[in-house]
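> Pasting the sequence and the predicted model now:
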Amino acid sequence: MIAEVMINRTAKKLNKAFDYRVPEKLEGLIFVGSKVLVPFGKGGKLEEAFVVRLKEKTNYGSEIKEIAKLEEQLQDEQIELARWMAKRYFCNFSDCIKLMLTPGTRTKNKEKRIQDKAINTVYLGKEIEEIEFEIETRKNKNRKTKKGNQFCKR
């Protein structure tokens with residue numbers, strides 16, 4: 001099986017589909033919309049790509065490379081929407097596909113992706129009720145002074 005993939009780059013020359021062979025171990029797992037890693041270029045460096053079409057044959061013979069790894073999935077509707085957006089707004093298909101990804105998951109380096117945040121708090125010898133009471137009294141005091149200042153200005 002052959003997968004047509006779009007490399008996740010913004011270069012105009014790469015705004016086309018490339019053929020890659022689907023390995024036997026991934027044959028039932030790869031669908032249109034799969035985010036995969038493929039060897040690209042002379043060095044064979046792994047690049048992110050998205051499967052945009054699956055087919056049985058290729059026009060390039062036996063010289064095509066294999067998909068290295070499966071990462072995550074997009075829905076068929078998202079791929080079709082990205083294709084429509086690229087045609088409608090004259091932009092790269094890969095840019096439109098990036099818009100379909102969950103924010104915070106777009107970087108290649110998984111360590112740099114957004115993770116759940118932890119909130120650390122320190123209480124300095126006061127109970128929570130005391131702190132909340134002080135905050136409320138300060139808010140009320142600020143409201144009264146603002147109202148008083150408005151009357152003085154006129």
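Yep, it's here. Residues are numbered from 1 along each chain as shown.
> what about residue 140, helix or strand, and which?
helix 128-153 (DSSP states H and E).
> give me the low-pLDDT residue ranges for this protein?
Low-confidence segments of the chain (pLDDT under 70): 104-126, 144-154.
> do that again at 50, thanks
154 (pLDDT under 50).
> for this protein, which strand is longest?
Identified as the longest strand of the chain according to DSSP state E is strand 45-55.
> and whatever helix or strand comes next after that one, what other elements does it pack with?
The first helix or strand that comes after strand 45-55 along the chain, using DSSP H and E, is strand 69-73. Secondary-structure packing of strand 69-73 (3 or more Cβ pairs under 8 Å, 6 or more residues apart in numbering; DSSP states H and E): strand 34-40. Placement of C-beta: from N, CA and C, glycine included.
> elements contacting the strand it packs on?
So strand 34-40, by 3+ Cβ pairs under 8 Å, 6+ apart, packs with strand 2-7, strand 17-21, strand 45-55, strand 69-73.
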